[in-house]
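**Student:** Need coordinates for the following:
(one chain, ligands or ions: 1)
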Amino acid sequence: MTTEQLNGLAEDVRNQGYNPSASMKDLVYDPVSGEFKQIRKGSTADEGEVVTEMTRKGFAAAEPHLIACLREDEVRQAEELLHERDEVPAYVFRRDDDVIHIRLNPEEEVFSTGFFTSDPRRLEQDPVAFHSPDTVILVENGEAKVFLQDGGWKEAELMLIPSAENMFSRSKGILEVGVLRDKRVMIVGLGSFGSQIAIELAKAGVGSFALMDFDRVELHNLSRHTATVNDLGRLKTNVIEEAILGKNPYAKVDKFPVDINADLPLLYEEVGRADLVICATDNNTSRFNLSKALVEKGKVGIFGRAITRAEGGDVFRYRPGGPCYCCLVGEGDLQEEEITDVASARRDGRIAAYVSPEDAEAMVQVGLSSDIEPICNMMVKLALVELSRGRESGISSLDGELVWDYYMWANRRERHYGNWKPMPSAGGMPTILRWYGARIEKEEGCPICGKTIILDDSVEDAGADYTGLSL
Ligand SMILES: [Zn+2]
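**Tutor:** Got it, this is the predicted structure:
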């Protein structure tokens, strides 16, 4: 049904004098008669689609609907302050259609101002002569009411943004929300992987983040990244901080727009502070540096990557004492250059000399966002399982499934997965679009984790001596 048709139907409802709030009946549209008819509330069925709620909230509403969003903790804070003074400034930082967002402590540019007060008489005073605010928040006994100036004061419908402890209460049972709030996750690399994972972990209620990436948002990132056109040229650390705070305004975000390979003392220090590290960089040098830091600091790390054009990818979980990233890929790769651009792909011989520049460019593309998503999702799940370890919750029960440290996923039957069979006829053979786990053995002679490591708490030493960690 088009909006026009619905508006027309709503008009009919008004003409019939139907008052949904006073009714014991619901309203359904009867396609046979082409009219609305009333049915007894709760009766079901084949009588048509119930439209009462829609009518009540939307099309039949004569008055425009004003909505004001406020933070619960700031209402409490304002009420505290009102013990000492008559009014406390309020700031409108967003106004869109009939919706305003109000802050006591704004971080963004302010659109207009108002004030919190506990004295209702303030609403009776002439706003122009008095203050010319267009927003007054009346706070009494912990309750807030928002009034907007629109040819007289009009009360807006209040949408309270819950306080930190209630922000993720809906995830209770599935996630250990109280536990996650106290966890610190370090994310190295904020590309198509790191950006998505950061936001997923923020949505899950992780309370503290260390973000590491020196890159800025470029045009070619947009199709796979969470950044928008309006973020072009911005540091990814700033863009992702904003995205995290958009999901959880109480999260703590520390930003490090640096090349971790060039600042190993910082890397070691931050790994030491984190509860878990997401390794979402695109080169092996940083993966090995991270791996060494994880082994030395005894921290859990989740590594993830996509294979050329995201035809597939893999995820690796490091747990202290277990096999490390070097045990997985081998020492040889320490020297191997990552294929992140055409030049390195040609040098490596993976793109033959006769391949045209356009085709070569396409071959090193990271692939579709929807192909990267399943890999990110597995990294998020593993991270949440690790962060919730030791507590009973829906997510921690996945520990029974996620028993391996290495997982493989294929998106398309191409190149690496060229001989895999289509899913319906694969029999016992591997297919695409399914996770496979693999048991990884710890390498006896692993240069990173294989030998005794003398732990040294001095960060400077650890960074300076990182090449000689295995003693
Ligand atoms: Zn190892």
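**Student:** buried stuff in stretch 220-235?
**Tutor:** Residues of stretch 220-235 classed as buried: N221, R224, H225, T226, A227, D231, L235 (neighbour count, 16 or more other Cβ atoms under 10 Å). Any C-beta I mention is one placed from the backbone N, CA and C, and that applies to glycine too.
**Student:** from what I can see the last one touches F256, true?
**Tutor:** No: with contact defined as Cβ atoms under 8 Å, L235 does not reach F256; the gap is 10.4 Å.
**Student:** so who does the residue in the stretch 101-250 of the chain that the ion sits nearest to touch?
**Tutor:** As assessed by Cβ to the ion, the ion sits closest to V188 within the stretch 101-250 of the chain, at 18.6 Å. V188 makes contact with G194, M212, D213, I260, L267, V277, I278, C279, A280, T281, S286, L290, according to Cβ atoms under 8 Å, 6 or more residues apart in numbering.
**Student:** you'd agree the second one is up against V258?
**Tutor:** Yes: at 6.8 Å, M212 and V258 qualify as touching, with contact defined as Cβ under 8 Å.
**Student:** out of the two, which sits in the more crowded spot?
**Tutor:** M212 (29 against 14; other Cβ atoms under 10 Å).
**Student:** List the residues that contact that one.
**Tutor:** Applying Cβ under 8 Å, 6+ apart to M212 gives the contacts M186, I187, V188, G189, L190, T237, F256, V258, I260, L267, E270.
**Student:** how does it look with 10 Å?
**Tutor:** Taking Cβ atoms under 10 Å, 6 or more residues apart in numbering, we find M212 in contact with 186-190, 194, 236-237, 254-260, 263, 266-267, 270, 277-278, 280-281, 286, 290.
**Student:** pLDDT score assigned to R216?
**Tutor:** pLDDT for R216: 96.
**Student:** what residues do M212 and V258 have in common as contacts?
**Tutor:** Residues touching both M212 and V258 by Cβ under 10 Å, 6+ apart: T237, L266, L267.
**Student:** Show me what the nearest residue to the first one once chain neighbours are set aside is bridged to.
**Tutor:** Right, the one you point to is T237. Closest residue to T237 apart from its sequence neighbours, by Cβ to Cβ, 6 or more residues apart in numbering: K255 at 4.0 Å. Following DSSP bridges, K255 is listed with bridge partners L211.
**Student:** how many neighbours does K255 have?
**Tutor:** For K255, the neighbour count with other Cβ under 10 Å is 17.
**Student:** likewise the one 4 residues further on?
**Tutor:** Summarising burial for D259: neighbours were counted as other Cβ under 10 Å, giving 13.
**Student:** That one against G189, yeah?
**Tutor:** No: D259 lies out of contact with G189 (Cβ atoms under 10 Å); the separation is 11.0 Å.
**Student:** who touches both of these two?
**Tutor:** Jointly contacting D259 and G189 under the rule Cβ under 10 Å, 6+ apart are M212, D213, D215, S286.
**Student:** ranking those by neighbours, who comes first?
**Tutor:** In the shared contacts of D259 and G189, the most neighbours by other Cβ under 10 Å go to M212, 29 neighbours.
**Student:** That residue and P120: what is the separation?
**Tutor:** M212 is 51 Å from P120, where distance means Cβ to Cβ, to the nearest Å.
**Student:** E84 too?
**Tutor:** 19 Å.
**Student:** The helix or strand that contains K292 packs against which elements?
**Tutor:** Following DSSP states H and E, one finds K292 within helix 284-297. Applying 3 or more Cβ pairs under 10 Å, 6 or more residues apart in numbering; DSSP states H and E, one finds that helix 284-297 contacts strand 184-188, helix 264-273, strand 276-279, strand 300-306, strand 312-318, helix 325-329, helix 459-464.
**Student:** Mind listing what's buried along stretch 172-192?
**Tutor:** 175-177, 179-181, 183-192.
**Student:** nearest residue to E218 other than its sequence neighbours?
**Tutor:** Nearest to E218 is L232, by Cβ to Cβ, 6+ apart, at 7.2 Å.
**Student:** check contacts around the one you found.
**Tutor:** Residues in contact with L232 (Cβ under 10 Å, 6+ apart) are R216, V217, E218, L219, N221, L222, V239.
**Student:** Mind giving me the ChimeraX select for these, buried ones only?
**Tutor:** Burial among those is assessed by 16+ other Cβ under 10 Å; the matching ChimeraX selection reads:
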select :216,217,221,239
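**Student:** Quick check: the farthest pair among the contacts of L232?
**Tutor:** L219 and V239 (14.1 Å; Cβ to Cβ).
**Student:** Now do the SS call for V239.
**Tutor:** Assigned with DSSP: H, G, I helix; E, B strand; the rest coil, V239 falls in the helix class.
**Student:** so what's it up against?
**Tutor:** V239 touches 190, 195, 198, 211, 213, 216-217, 221, 225-228, 230-232, counting by Cβ under 10 Å, 6+ apart.
**Student:** In strands only, show me the residues you listed.
**Tutor:** Secondary structure from DSSP state E places L211 of the contacts of V239 in strands.
**Student:** For E401, give me its contacts.
**Tutor:** K381, V385, W435, G437.
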